Structure formats: structure tokens, C-alpha cells
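# sequence unknown, structure follows:
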């Protein structure tokens, strides 16, 4: 309802009704006065409209006269100029005599002057302010120009005496400007009239709009303050007739309708307050009844109200649950039905006696009365009776409590006591001052107290060791009293003084009235668990094979050693020990023999080093040692030297004695670092430096090693991106026929075109690629690119019989090399016979059996195998027997000195002879002089390779060397 306020809730509170306030009284504005104000408004608008119309007509009449006279000025000025120009053009003839008469000119001048005066006399008050100023200025300008012009014209006409020639020139010159000024004045009059008329039109339009708005406002106000309030009043009156007095009319005018609305609102408010008061009283009565009923229903005990004869009148929810009857079933029964059959006769006699002496008391002779549930089962109950007089009837209230749970709890308590008496755990209760209150038989046995002996004079701390007693007083009891619980480990002491480790739980019981606060404790023997934990800890911190510390314990001991050295000002030495060629022993003699060797090395470390030194096996054949309490680096050097000599002594292994060497790296605290990670890393770097120096030695860490390690890490990081950034490229070195020197093939060599360092030597980055495993994806890229390039040359008709690609040891692990070779050949369409794979002895030895299977499968495709750097390993002859090579390369170190060294020449001849015996061709590497080439050809070498024929070339330059290439 648009005129009424929002309806309040169905039953408003007295506070909400009392908050209704009457509107503030203002000076009374009745409907008659409002009508008078509207009438005056319309009269004023119409009067203004009539006044504007009258002014418009008056101004238009004056403007007509003014514009007419202004127009004459233009005509008169033109006529004067014409007369003067005609009369002075030559002697007057009969046709011009009348026109050139002086009287005619004077009359025209007088007419001009009269029209100008008429224009000046006409009022300008109805023009706009700016237009009035401009018109007066224009008329004054015309007047000034006319005064001079008329004087000159009179001189020319002879009406006055003066210089006629100068006057004639002035008249001729000023005739046109005067005409322009006159025209401008006329145009200004027209424009001013248009603007004044537009203003008057706008004013009339505004008055019409104001009248329309006034009319609309009257209609709107009449609807809002008349029609709508009356409609709302009718609607709310109808609602009040139906009993709804919540409506209010939101209308506060001081007219007759406002007084009617105010009277209606006051009547409704008063009626609503009366209804609210009645409803509040009813609600309070109902709430009191609900509270009483809620208390009755929420009672923790069952309540039955019956008459003196035992007929049940009312029960609560708990009574239903106790007896397992529905409420309507209980209300139709007598209390006799809630007792077992044997007790009913006795209960009737009790009811009769109670009716003679009704008072509050417990029912039955004892504290427990048996009740009967709906299913016939019996339950123990406690019942108290209270008589009450509900005028005029006598009632009996029976409060029934099911004590089944209490009796079960009592039984459980007895069972718990039995369990505590039987448990092997020590269970005790004692006061906060330590006095024992309860101690189970296990605890009594521990102290040697008989089961019947009293505990007076005994304290709980007598069960504990001195250290455990301190923990009890300083930590356990305060924590339990604050948090309610404490759990930890202590040690008990039996009557013989033996310590028993226990897991102990301490519980603080809440204070009970005036009784002192007590605590309970349960202590369980954990001797076996402690032994097991010690064993697990040893396994977690020691190597299972050698019994030495493992990596975890080693790092912990190193941190402790650093702290001790920092406190005492001593040195600490960290040694990394790596057994040289241990993998060869493992592979050739078996892992069992390798384990025996490791155990013997561990034993020698234990024997040769001090007891304060930590010895550890980190992994595989890597050992580490921490030397503590050193005063100068020389102390570490003497210990390390003695250890190296001990490790180099022969070790008895099954079937033979074996001498094993080791490479050792040493870092010092605080010389080389102050934290464990740095010292370990530097000792590791020093160990690798020892290996690089030829093994079987030890090295102390220095800054140059760190720089080399940093450079190596930098190369590794940049090498990881070199492949994806297309920084790797292939070079090709010719392989020629030893007799004819014609080009037969080439070896593919990898180069790294670094954006900053230029062309990086393979000696700098290939070892890093081998160690990090990057050689596998790089080798795959090399093989695929080489096969594509070789097939491209073959398709172009360039003579090249084969292309030779080096294979890394990492690529030989597993059978992935087989699929790689097959994929590269299929992708490039290169015939298998045009591909050679070069392998060094070092790449074949780590896993001989797997390598043989892989190479046999590749050879079966038609790919040829080449043994590279032959003669530099330990097992060259044996691996010629195991692997069937198609070609053998004599290492360049034998070719370089074979002309001066008879031994190298013999090796070259023998290698060629052995290769031919195995049906393999021979390639001489590193040929730099014609004499070397001639000598190798004389020995029977098949092919040659070296700087004598060309250095490794990039693809464009090498392509120019190929037979069939057009120059």
C-alpha cells in the first residue's frame, strides 16, 4: 500500500508500540488555504503573461516607426550623394537644372536630419541591455558623421560659404562610409528587435510551462495528499474491522486529512497496545507453563505422579525410558504393573501404610528396589516418594532413578582393582608430597612390601633412581598439575638397586573438597624396547657391511667436531678415501670378494686410526674419516701418511694376494671452511684432484681446486643448454687410403661453438658430459646428424664410402643404443654399411657381457665396429678376442714416435698383423709426416688419418674436399 507504512510483526511488543511518535505540529495549512495559494499562483502567472503581451505590442509599434525612419536615412543619404555627384559632374543642362537646385538639396538634408531625430527620440527601453548600449553608440556615430557630412554638403550646394573644393572631396569620400554606418545601424535595430522578441517569447513560454507545472503539481499534490491518504484510510479501516490494528497512515499534513490520519493512527496504536498487553500476559503464562513442563521433562530422573491408589496420572520422558513403555501406555496403568509379580502384594501393603502417613521418604527397606520393564526384564531402582496436595486432590510424586549404570560401574571398579592387582606394570596413587596412597602388588614386590603391609611412611620417590626423582619433582608433577597429564621415561630401582627403564604416565586428579590432591601413575618396563631401539639406532647410523659409521652419523659427528674445535681452538681434518679400480675387482672377482676387501679396509681404518677419530663408509668404495684435536696440519699429514701405507699393504683374497691403492682428499677446519657441507665438498674436490694426479696419493684442498670445480660446474650448466640452443656442431676429419691417399671416409668430431668463449675444445667439455650423463642425449644428436649429413653427401653424388661416429660408455648401458642406431639409419635412409661406430677399450670393460650383446646386435644390422685407441689399455688382446671388430685404429702415441722408437714401430707392426689375423682393417691415427705415412703403408696399414691429410673441418669446407664436388 503506497500511502501506508510497512506492517509491523503480527504481535508487536509494547516497546515497539510505545515508540510511535506524533508528528511535530506546524502552522495549520487547511485545504481552503491551499486552494487560495494555488489560485493566487495562477493569477500571478496570467497577469505576467498579459503584461508581456502588452509590452510586446507597444515595442513592436515603436520599432516599426524607428525602422521606417532608419530606412529613410539610407534613402536620404543616397539621394544627397547622388545630387552632389550629378550636379558637379559638369555644367547643368536643362535635364539636371531642377535636380541641382539648392533648395532640393537643402530639403533632402532637412529630411535626413528629421528622420535621424525621430530615430533618436524613439525609446530603447524594451531592448536588451547590451543592445541598448550598442544602438545608442551607433546612433551617436551616425549623428557625428552626419554633422560633418551635412556641413560639407551645404558648402558644396552654396548654402553656406567656405572652401567648396575641399568640401566636395569630403562629401565624395564620406558618402559611402555614411551609407555603411546607416545600414549598420538599421541592421543593428533589426537584430536587437529579434533578440528582444526572442527574450519575450522565451518569457511567455516559461510562464506557460510554469502554469503547466503548477497544474501538474496541483494534480499530483491532490492525489498524494488527498486521494491516496483517503484510499489508505479506507483500506486500513477495513483491516481494523477484521481485527488487524497494525496499520499506520504515514501522512503528517496539518490539514483536515492529516488530522483524520493522526486520529486514526492514535486509535490503532491504543488498540494495539491493549492487545499487546493481553498477549504478553498470555505469553508469560504459557512460558511459565512451558518452563515447568520442560523442567519436568528434562529431569535426569524418572518422575511419576499418581493418586493415593497408585493410578498413574503423569510421567516424564525419563520414566518412559526407564520402564520402556510409551507414555500413553503408562498413563493407563497402576504403579503395581511396574514391579515384579512377587513384589506386588508387598507393594500394596506399603501403599496402604503410606496413605496413613504420607511424607517424603525413600521406598523400600534397602536402597535398591527392583522394577519391571515392558519386556519383563528387571532393573535396580532408587525411589523417593513425596506427597503433594493439588486442591482438592491428594497426589504422590515418585522420583525413580535407574542405578544399573552405577552398579555396573561398581562392578567394573572391582574388576579394575583385580586387574591392577594382576598387572605386571607398577601402578600407584600418591599425594603431591609423595606419600603413597595405593600401590599394586607389582610395585609392592619391587619395593619388597608384603600385600598386607600398610603404606604409611612410604613415598613414591623410593621407587625411583635419584635422577628420576629430580625429573619427578622438577618436571613431571608440575606438568601434570598444570595440564592434567605427563608422559615420559624414567628409571625405577628395585630393592636390590637394579635400575629398570620404564615408560611412565602421570595423571593429576581434580581436588575433591578438603581432601589433598592426588596423582596416579602407571610405569611399564621397557627394557626390551630400549635394547631394540639401541639396535635400530646402530643400524640407522652404521654401515651394515663394515660396521663403520654411515653418512648420517658421519655428518652429525662432523658438526660436533666443529663445535668442539671452535671451543678449544683445535684443527679438524676431513678425509675422503676412494679405492682405486675397485669396480674392476668387483666385476672380475665378484661382489663377495669385493665385500671382503671393503671389510678389510674398514678393519685397517679402525686399527691404524685413533679411537677419537670417526671412521665412516659413505657409499660403495668411498670412506671418510674425521681427525680431531689436531694442533697443526702436519699432525694430520703424519696420520694420513701412516694410513696410506697401511692401506697399500697386500690384502689376502681368495686365490691370491691383492694390493689396492687409494686416492685421498683432505680439507681442514677452519683453514678451508667453517661448516660441514663446505668441508665435505672441499675434501671431495681434493680427492678428485688426487685421482687426476695419477691415483695412489693424497691431496690437501687448495683454492685452485675450488676454481677448477667452479669452472667445471659452469661448463656443466652451460652444456645443458648448448644442445637446445644449437651451439653444438660437427667437424669431419678425412680418412684416406694408405696406398693411394684417396679420400675414403671421415671421422665425425664434436665441437662446441660457445657464444662467449668461441670454439671450446672437446677435452674441456666431453669429460664433463661423460660424468653428468649429458653424453647420452649429445651422442644421440651426433649420431642422427652425422647419418643425415652422410646420406645428403651420397644423394648429391659425392664420393664417401663411410662415416665414423664415436660411442660413449654411457651409451652402451642397456639396449637403447640398438634402437638409437636403427632409428638414425631409418630416419636418414643411410645404408648400414656406410656407418662405423668407434669404441674405446675403456667404454667396453665396465660391462663386458652387456656390451658384447649390444654390439653383436648392431653388427648384425650391417654396421661396422671400430676399436679406437688400440694398445693403450690393459686388456687389448683379450677384448679383440671377445669383440669382433671390423677395423682397428692404432693410437697416435705409437705413430708419433715410431720412426725414432723401435718399440713403437714394433707395436705398430704387431697391431697390423693381429688385426689382419682377425680379418680387420687397420687405421693409423695421428699421421703428420710423409715418412710416417710411407712407413705405415709399408707395414700393411689400410687407411690413414692425421693432419698430414687435413685437420677436422666444418661441413662446408669438408664438402669441398669430397670427390665429385664441382669447384
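Thanks, I have it. As the structure is a computational prediction, the values presented were derived from the model and not from experiment.
# Quick one: distance of the helix or strand that contains residue 198 to the chain centre.
With secondary structure defined by DSSP states H and E, residue 198 is part of helix 164-222. For helix 164-222, the separation from the chain centroid amounts to 76 Å (computed by Cα atoms, centre = their mean, to the nearest Å).
# now the very next helix or strand once past that helix against helix 164-222, angle please.
Scanning forward in sequence from helix 164-222, with DSSP H and E defining helices and strands, the next element found is helix 228-241. On the basis of axes from the mean of the first three to the mean of the last three Cα atoms, to 10 degrees, helix 228-241 is oriented at 10 degrees to helix 164-222.
# Now do the buried residues in helix 228-241.
Within helix 228-241, the residues scored as buried using 16 or more other Cβ atoms under 10 Å are 228-230, 232-233, 236, 239-240. Where you see a C-beta, it was placed from the backbone N, CA and C, and this is true even at glycine.
# Could I get the average pLDDT for that helix?
Model confidence over helix 228-241, given as mean pLDDT, is 82.
# okay, now the residue nearest to residue 827 when sequence neighbours are not counted: neighbour count?
Spatial nearest neighbour of residue 827, chain neighbours left out: residue 784 (6.6 Å); criterion: Cβ to Cβ, 6 or more residues apart in numbering. With neighbours defined by other Cβ atoms under 10 Å, the count for residue 784 comes to 17.
# and residue 784, what does it touch?
The neighbourhood of residue 784, defined by Cβ atoms under 8 Å, 6 or more residues apart in numbering, consists of 823-824, 827-828.
# With residue 389 instead?
Shown in contact with residue 389 (Cβ under 8 Å, 6+ apart): residue 395.
# SS state for the nearest residue to residue 177 once chain neighbours are set aside?
Of all residues beyond its chain neighbours, the one nearest residue 177 is residue 145 (6.9 Å), with distances taken as Cβ to Cβ, 6+ apart. At residue 145 the chain is in helix, as set by DSSP: H, G, I helix; E, B strand; the rest coil.
# OK, contacts around residue 818?
Applying Cβ under 8 Å, 6+ apart to residue 818 gives the contacts 854, 857-858.
# so how far is stretch 808-827 off the chain centroid?
Averaged C-alpha coordinates place stretch 808-827 at 44 Å from its chain's average position (Cα atoms, centre = their mean).
# Show me which residues of it are buried.
Applying a neighbour-count criterion of 16+ other Cβ under 10 Å, one finds 808-812, 817-818, 820-821, 824-825 buried in stretch 808-827.
# Determine the three-state secondary structure at residue 804.
For residue 804, the secondary-structure state derived from three-state DSSP is strand.
# low pLDDT regions in the stretch 401-550 of the chain?
Across the stretch 401-550 of the chain, residues meeting the criterion (pLDDT under 70) sit at 419-421, 512-516.
# got the residue ranges for the helices in it?
In order along the chain, the stretch 401-550 of the chain carries the following helices (DSSP state H, counting those that start in this stretch): 404-422, 441-447, 466-471, 477-483, 527-541.
# Just say which of these is most tucked in.
Mean neighbours per residue, mean count of other Cβ atoms under 10 Å, is largest over the helices of the stretch 401-550 of the chain for helix 441-447, with a mean of 19.
# Tell me the strands beside the helix or strand where residue 922 lies, with direction?
Residue 922 is part of strand 921-924, with elements assigned from DSSP H and E. The sheet places strand 921-924 alongside strand 887-890 (parallel), strand 943-944 (parallel), with pairing taken from DSSP bridges.
# Let's have these in CSV, adding distance to residue 54 and mean pLDDT.
Below are the strands paired with strand 921-924 laid out as CSV (distance: least, Cβ to Cβ, whole Å; pLDDT from 0 to 100):
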stretch, distance to residue 54, mean pLDDT
strand 887-890, 130, 90
strand 943-944, 131, 95
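# Output the ones you listed as CSV; include the columns distance to residue 696 and mean neighbour count.
As requested, those are exported to CSV (distance: least, Cβ to Cβ, whole Å; neighbours: other Cβ atoms under 10 Å):
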stretch, distance to residue 696, mean neighbour count
strand 887-890, 29, 26
strand 943-944, 38, 23
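# Ok, which of the ones you listed comes nearest residue 442?
Between residue 442 and the strands paired with strand 921-924, the tightest spacing by Cβ to Cβ is seen for strand 887-890, at 84.2 Å.
# Other residues contacting that closest one?
With contact meaning Cβ under 8 Å, 6+ apart, strand 887-890 is reached by 836, 838, 864-871, 880, 907-908, 911-912, 914-915, 920-925, 936, 941, 943, 945.
# and the residue lying closest to residue 237 once chain neighbours are set aside, what is it in contact with?
Leaving aside its chain neighbours, residue 237 sits nearest to residue 264 (7.4 Å; criterion: Cβ to Cβ, 6+ apart). By Cβ under 8 Å, 6+ apart, the contact set of residue 264 is 233, 236-237, 249.
# So which bits of the strand holding residue 922 are buried?
Buried residues in strand 921-924, defined by neighbour count with 16+ other Cβ under 10 Å: 921-924.
# How are the helices of the stretch 751-900 of the chain distributed by residue range?
According to DSSP H, counting those that start in this stretch, the helices that the stretch 751-900 of the chain contains are 762-772, 775-795, 816-828, 841-844, 848-861, 876-882, 892-896.
# Could you measure from residue 493 over to residue 531?
Residue 493 sits 19 Å away from residue 531, taking Cβ to Cβ, to the nearest Å as the criterion.
# before we move on, what about residue 763?
Counting by Cβ to Cβ, the gap from residue 763 to residue 531 is 58 Å.
# Could you chop the chain up by domain?
What the record gives for the chain is the domain set 35-225, 299-406, 425-531, 543-701, 725-961, from automatic domain parsing.
# need these in TSV with distance to residue 289, can you?
Written out in TSV, the entries for the domains of the chain read as follows (distance: least, Cβ to Cβ, whole Å):
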stretch	distance to residue 289
domain 35-225	50
domain 299-406	14
domain 425-531	39
domain 543-701	76
domain 725-961	88
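# Confidence-wise, which of those domains is weakest overall?
The stretch with the lowest average pLDDT out of the domains of the chain is domain 35-225, scoring a mean of 76.
# Let's see the distance spanning it from one end to the other.
13 Å (Cα to Cα, to the nearest Å).
# just stretch 649-663 next, same as before
The first and last residues of stretch 649-663 sit 15 Å apart, counting by Cα to Cα.
# Any buried residues in that stretch, and which?
Going by neighbour count (16+ other Cβ under 10 Å), the buried part of stretch 649-663 is 651, 653, 658, 660, 662-663.
# Could you single out the nearest of those residues to residue 932?
Taking Cβ to Cβ as the measure, residue 932 lies nearest residue 663 of these, at 37.1 Å.
# give me the beta-bridge partners of the closest one?
Partner residues in beta bridges with residue 663, using DSSP bridges, are residue 578.
# Isn't it up against residue 581?
No: with contact defined as Cβ atoms under 8 Å, residue 663 does not count as touching residue 581 (10.4 Å).
# now the strands for the stretch 251-400 of the chain?
Along the stretch 251-400 of the chain, counting by DSSP state E, counting those that start in this stretch, strands occupy 302-306, 312-315, 361-362, 369-372, 378-390, 393-402.
# Compare those and give me the one nearest residue 953.
Nearest to residue 953 among the strands of the stretch 251-400 of the chain is strand 393-402 (105.9 Å), distances taken as Cβ to Cβ.
# Walk me through which strands the closest one pairs with, and which way each runs.
Strand 393-402 sits in its sheet next to strand 302-306 (antiparallel), strand 378-390 (antiparallel), going by DSSP bridges.
# Run the chain-centre distance for that strand.
The chain centroid and the centroid of strand 393-402 are separated by 67 Å, computed with Cα atoms, centre = their mean.
# Flag every buried residue along it.
By neighbour count on 16+ other Cβ under 10 Å, the buried set for strand 393-402 is 395-396, 398-400, 402.
# follow-up on the earlier one: quick one: name whatever helix or strand follows the strand holding residue 922.
The element immediately downstream of strand 921-924 (helix or strand, assigned by DSSP H and E) is helix 930-939.
# same for that next one, what does it pack against?
helix 902-917, strand 921-924, strand 943-944 (3 or more Cβ pairs under 8 Å, 6 or more residues apart in numbering; DSSP states H and E).
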